[in-house]
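> model this:
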Amino acid sequence: MRLCAPCAGRPDAMTATNRLTASTDADSTAISNDHGATATATTWQLVAGFLTVYIVWGSTYLAIHWGVETIPPFGMGAVRFLTAGSILYGWCRCRGAKKPTLGQWKASAVIGALLLFVGNGAVSWASQRVSSGLTSVLVATVPLWLVLCELWQGKRPDVLKVIGVLIGLAGVALLVLPTGAATDTVDPMGAVVLALAALSWTIGSLYSRTARQSASPGLAIAMQMLVGGALLLTLSLALGEWTPELQVSARSAASVLYLIVFGSLIGFSTYMWLLKVASPAAVGTYAYVNPAVAVLLGVLLAGERIPARAVVAMTVILGGVAMVSIAGGGAKRMVTAVWRARS
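Residues are numbered from 1 along each chain as shown. Just a heads-up that it's a prediction; the model follows:
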């Protein structure tokens, strides 16, 4: 299965070589693919894998939040994706992945622009104004946008999906609409930008369903990273983000390194491995766990305050997202749509 956009590039959210079927026992999980090969993992390996994806990807929001404290948001994204993309591209090519065609580069350019340049770039910028925990919850609304976009395309969603969307949007309204107390709501501009990020991810995911991409999942996402990083670098230079007065703190520098090594490389590798040894439904649970991890880390490590109203709103939003996911085939939708700046 491909990560994020590459994953969404298949109607069944799987690559042709990894249509997975799972069987489990008390000690191990076995997954077979189209070629008859079987991948197995012990219970402890599975636990370690899931904890890695849950914690690492849930923590990337806080890392982004700390990164943009002293590093310009678009410049930070450029460094992150160009570095991780270059490493992953070289690794895949050394392991035998075929050189991508011009058509595959064009498809990756569109997807990388929508998911990483607009989507991740917007998250990085909004992280200057919105707490990491609330950012993760607003990003998790991507499945709601997917339903709305499919409705716009003329597809009639199930009643349960419609109810889920309405519940999720009600939670967003509860979170962002102003009240008498300014501390009870999210920064309006930050919320709008995060909504645009979610919409951009949605469009990119829908486009990638029919886009001709590399047969190698790793190479496809590396190409998207390189394109997204190049676009972010261009924007960063155009805005004059890099100035002689720029002083990068140790915490910001460490956060970018964490995003490259853990968020992009280790997180991606673990995710791809899990898709070989566990069912898509199980792997897709990260979409529900990551916001909880992000909120918890924000409170414990960054001293973020989550008002009671925001807690209620987050619960409503995630409830709506869960309802949409269940109605739409469960974790397949979540796996393809809610990647959130985790590459």
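
> helices or strands up against whichever strand or helix holds residue 45?
Assignment of secondary structure by DSSP states H and E places residue 45 within helix 43-67. The contact analysis (3 or more CB pairs under 8 Å, 6 or more residues apart in numbering; DSSP states H and E) places helix 43-67 against strand 28-32, helix 121-126, helix 132-139, helix 250-258, helix 267-277, helix 286-302. For every residue, glycine as well, the C-beta is placed using N, CA and C.

> mean confidence (pLDDT) on it, please.
Taken as a whole, helix 43-67 has an average pLDDT of 93.

> stretch 123-131 now?
94.

> what residues of that stretch count as buried?
Residues of stretch 123-131 classed as buried by neighbour count (16 or more other CB atoms under 10 Å): 123, 124, 125, 126, 127, 129, 130, 131.

> quick revisit: quick check: which of the helices and strands packed on helix 43-67 is buried the most?
helix 132-139 (a mean of 28; mean count of other CB atoms under 10 Å).

> continuing past that helix, what's the next helix or strand?
Toward the C-terminus from helix 132-139 - assigned by DSSP H and E - lies helix 142-152.

> quick one: list the elements packing against the helix or strand following that next one.
Heading C-terminal from helix 142-152, the first helix or strand you meet, by DSSP H and E, is helix 159-176. Helix 159-176 sits against helix 132-139, helix 142-152, helix 188-208, helix 308-327, with contacts defined as 3+ CB pairs under 8 Å, 6+ apart.

> can you say which of these is nearest to residue 272?
helix 188-208 (16.7 Å; CB to CB).

> tell me what the closest one is packed against?
With 3+ CB pairs under 8 Å, 6+ apart as the test, helix 188-208 has helix 5-8, helix 102-112, helix 121-126, helix 132-139, helix 142-152, helix 159-176, helix 331-337 packed against it.

> for residue 290, which of these is the nearest?
That would be helix 132-139 among those, by CB to CB, at 6.1 Å.

> got the contact list for that closest one?
58, 61-62, 64-65, 123, 126-127, 130, 172, 175, 186, 191, 194-195, 197-198, 201, 290-291, 294-299, 302, 304, 306, 310, 313-314, 317-318, 338, 340-341 (CB atoms under 8 Å, 6 or more residues apart in numbering).

> so where's the stretch 101-250 of the chain uncertain?
178-185 (pLDDT under 70).

> sorry, back to before: okay if I get the helices and strands packed on helix 43-67 as CSV plus distance to residue 222?
Output for those, formatted as CSV (distance: least, CB to CB, whole Å):
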stretch, distance to residue 222
strand 28-32, 24
helix 121-126, 18
helix 132-139, 22
helix 250-258, 18
helix 267-277, 9
helix 286-302, 21
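
> which one of these lies closest to residue 237?
Across the helices and strands packed on helix 43-67, closest to residue 237 is helix 121-126 (CB to CB), at 13.7 Å.

> with just CA atoms, put that closest one into PDB.
C-alpha atoms of helix 121-126 as PDB (Å, rounded to 0.1, in the frame of the first residue of the first chain):
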ATOM      1  CA  GLY A 121       3.000  24.200   4.100                       C
ATOM      2  CA  ALA A 122      -0.300  25.400   5.400                       C
ATOM      3  CA  VAL A 123       0.000  23.300   8.500                       C
ATOM      4  CA  SER A 124       3.500  24.600   9.200                       C
ATOM      5  CA  TRP A 125       2.300  28.200   8.800                       C
ATOM      6  CA  ALA A 126      -0.800  27.700  10.900                       C
END
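
> packing partners of that helix?
helix 43-67, helix 73-94, helix 132-139, helix 188-208, helix 217-239.

> circling back to that earlier point, among the helices and strands packed on helix 159-176, which is the most enclosed?
helix 132-139 (a mean of 28).

> is it true that residue 232 touches residue 123?
No. Residue 232 is beyond contact range of residue 123, at 11.7 Å (criterion: CB atoms under 8 Å).

> ok, residue 219 - contacts?
For residue 219, counting by CB under 8 Å, 6+ apart, the contacting residues are 88, 89, 92, 93, 97, 100.

> residue 74 too?
121, 124, 125, 232, 233, 235, 236, 239, 241.

> I'd say the third one and residue 192 touch.
No. The pair residue 125 and residue 192 does not pass the contact test of CB under 8 Å, sitting 11.2 Å apart.

> how many neighbours does residue 247 have?
8 (other CB atoms under 10 Å).

> returning to what we had before: which one of the contacts of residue 219 sits closest to residue 260?
Nearest member of the contacts of residue 219 to residue 260, counting by CB to CB, is residue 88, at 10.3 Å.

> could you report the separation of that closest one from residue 81?
10 Å (CB to CB, to the nearest Å).

> which of those two has more residues huddled nearby?
Each of residue 88 and residue 81 has its neighbours counted (other CB under 10 Å); residue 81 has more, 31 against 22.
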